[in-house]
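Visitor: Turn this into a model:
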Amino acid sequence: MSNSKAPRRTTLVTGGARRLGAAIVRSFAARGDAIVLHHGNSPVEAEALATELRAAGTLVHVVQEDLADPTAPARLVDAATRAFGALDVVVSSASVMKWHSFDAVTPAEWDAVADINLRAPFFLMQAAAPAMRDGGVIIQLSDHLAFESIHPRLIPHQVTKSALTQLVHTVASLLAPRVRVNAVAPGLVLAPESLSPETLSKFLADVPLKRSGTPDDITQAIHYLVDATYVTGTLLTVDGGRHLWR
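Guide: Numbers count the residues shown, from 1 in each chain. Okay, here's the model as predicted:
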């Protein structure tokens, strides 16, 4: 974990071992940050990514926590500050999306989504804020689906992501001016393998830019919000313009 250069910042990314989370981790490592790489249950992917980044000279501390545990956010922040002393950036990327028909949603299934998508981000902000240096930034990953009503099998996911946006507005006002809080709502990025070509084509027909997003599209938006020192309490939608037809 040694590096001849002192890191410019310390960045914590939840759900950082795979897919979009891993792309976010790589983007902050490329900027010279020390990385706290959280994963829930992806130890092989997390260690492989950490090995890759350490070989390039990045300071990386891997932390496994089940964010469904109410005490996990505080332990995660404690692990980060013990590893690097303080926090500068927190990106809440960890999320779950469970498909249920309206009449099949149970209280347990509702809680399983809400625990990760809404409760954990709140308590992570609560724990992180006192540990963050002045000028700290928190980024929450919302979802363009939070603002659409055409996916009736994703109600818990949509509702929790919509509530997360309101949470960003509220916490941003509470933590200003020392810490800024913003959100990014990605559109379709890294389409699931289960998505058929026909379904993908139908989805993209309603996207003005006529393509799915890339991880770079999302990391660019995140870094804009990290660098834009006069922006807080904002949701940046990165969906190729799909929101325009809602």
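Visitor: Can you show me the helices along the protein?
Guide: In the chain, the segments counted as helices under DSSP state H are 19-30, 43-55, 72-84, 107-114, 120-128, 155-175, 197-205, 215-227.
Visitor: closest one to residue 91 among those helices?
Guide: Evaluated over those, closeness to residue 91 peaks at helix 19-30, with 5.7 Å, by C-beta to C-beta. Every residue, glycine included, has its C-beta placed from N, CA and C.
Visitor: hey, C-alpha coordinates of that closest one in CSV?
Guide: Extracted as CSV, the C-alpha positions of helix 19-30 are listed here (Å, rounded to 0.1, in the frame of the first residue of the first chain):
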residue,chain,number,x,y,z
ARG,A,19,-19.7,-3.1,-12.9
LEU,A,20,-20.4,0.7,-12.6
GLY,A,21,-19.0,0.8,-9.0
ALA,A,22,-15.7,-0.6,-10.3
ALA,A,23,-15.6,2.0,-13.0
ILE,A,24,-16.2,4.7,-10.4
VAL,A,25,-13.3,3.4,-8.3
ARG,A,26,-11.0,3.3,-11.3
SER,A,27,-11.9,6.9,-12.2
PHE,A,28,-11.0,8.2,-8.7
ALA,A,29,-7.8,6.2,-8.6
ALA,A,30,-6.8,7.7,-12.0
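Visitor: any idea how far residue 157 is from residue 74?
Guide: Counting by C-beta to C-beta, to the nearest Å, the gap from residue 157 to residue 74 is 25 Å.
Visitor: neighbour-wise, which of the two wins?
Guide: Between residue 157 and residue 74, counted using other C-beta atoms under 10 Å, residue 157 has the larger neighbour count: 23 against 15.
Visitor: So that one sits against residue 148, correct?
Guide: No: using C-beta atoms under 8 Å, residue 157 makes no contact with residue 148, being 11.1 Å away.
Visitor: Go ahead and confirm residue 105 touches residue 155.
Guide: Yes: using C-beta under 8 Å, residue 105 is in contact with residue 155, at 6.4 Å.
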